[in-house]
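Trainee: Curious how this folds, go ahead:
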Amino acid sequence: MKSVFVTVGTTSFDELIAAVSSPAAEQVLRSRGCRRLVLQIGRGALQPAPQHGPAFVREVFRFKESLAEDLRCADLVISHAGAGSCLETLEEGKPLLVVINEKLMDNHQLELARQLHKDGHVLYCNCSTLVETLQSMDLSTLKPFPPGQPEKFALFLDKVVGFE
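Mentor: Numbers count the residues shown, from 1 in each chain. Now for the predicted structure:
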């Protein structure tokens, strides 16, 4: 797990950025072989400083035209539970750890994460359990997401949010 990509999509989720860039989280990531941590911080107020050491690099940016290259280079993606971010990561075939934003009302993200976890495609946690989850996670248990079927994902989302 040399490279970890963290994304909050187009929103802000400072709690996730703070949790994943904390000394405890970065120590666990390094102990698991992470040498590069890329943080996409969106509209957040928190902007950790970039770090460029010989053993560890932390890159930080708000937005890019496309996250495809960051996803392709990642050995693990840590993401908010936005449907777009989850689908893009799963379609890229990358291991995904979804972090729930517990401050959201009518938390459909939690329902989405729970269902994707139940189906074996993702691991999930909240900000307060992130370090523990990073320590104990076994990415080999994750099942590949069936590729190229966005309509099935749309039906799945409809079911999760109660439109069906």
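Trainee: Where does the prediction get shaky in this protein?
Mentor: 105-107, 148-164 (pLDDT under 70).
Trainee: where exactly do the strands run in it?
Mentor: 3-7, 36-40, 51-52, 57-61, 76-79, 96-100, 123-126 (DSSP state E).
Trainee: Now render these as CSV, adding distance to Leu142 and mean neighbour count.
Mentor: Heads up, the C-betas are built off the backbone N, CA and C, glycines and all. Formatted as CSV, those follow (distance: least, C-beta to C-beta, whole Å; neighbours: other C-beta atoms under 10 Å):
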stretch, distance to Leu142, mean neighbour count
strand 3-7, 15, 24
strand 36-40, 20, 21
strand 51-52, 28, 10
strand 57-61, 25, 16
strand 76-79, 10, 26
strand 96-100, 8, 25
strand 123-126, 7, 20
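Trainee: Need those in JSON lines (columns: distance to Gln109).
Mentor: Listed next are the strands of the chain as JSON lines, based on distance: least, C-beta to C-beta, whole Å:
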{"stretch": "strand 3-7", "distance to Gln109": "13"}
{"stretch": "strand 36-40", "distance to Gln109": "17"}
{"stretch": "strand 51-52", "distance to Gln109": "29"}
{"stretch": "strand 57-61", "distance to Gln109": "23"}
{"stretch": "strand 76-79", "distance to Gln109": "10"}
{"stretch": "strand 96-100", "distance to Gln109": "6"}
{"stretch": "strand 123-126", "distance to Gln109": "9"}
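Trainee: how far away is Val98 from Leu139?
Mentor: Separation of Val98 from Leu139 (C-beta to C-beta, to the nearest Å): 13 Å.
Trainee: can you list residues touching both of those two?
Mentor: Residues touching both Val98 and Leu139 by C-beta atoms under 8 Å, 6 or more residues apart in numbering: Leu123.
Trainee: I'd assumed Asn126 was in contact with Glu102.
Mentor: Yes - using C-beta atoms under 8 Å, Glu102 is in contact with Asn126, at 5.5 Å.
Trainee: Enumerate every residue touching Glu132.
Mentor: Counting by C-beta under 8 Å, 6+ apart, Glu132 has contacts Cys125.
Trainee: I'd like the distance between it and Pro23.
Mentor: Distance from Glu132 to Pro23, by C-beta to C-beta: 15 Å.
Trainee: same check, this time on Gln109
Mentor: In terms of C-beta to C-beta, Gln109 sits 27 Å off from Pro23.
Trainee: Between the two, which is the more surrounded one?
Mentor: Gln109 (22 against 8; other C-beta atoms under 10 Å).
Trainee: For the nearest residue to Ala18 once chain neighbours are set aside, grab the count of nearby residues.
Mentor: Excluding the flanking residues, the one nearest Ala18 by C-beta to C-beta, 6 or more residues apart in numbering is Leu46, at 5.8 Å. Other residues lying near Leu46 total 15 when counted by other C-beta under 10 Å.
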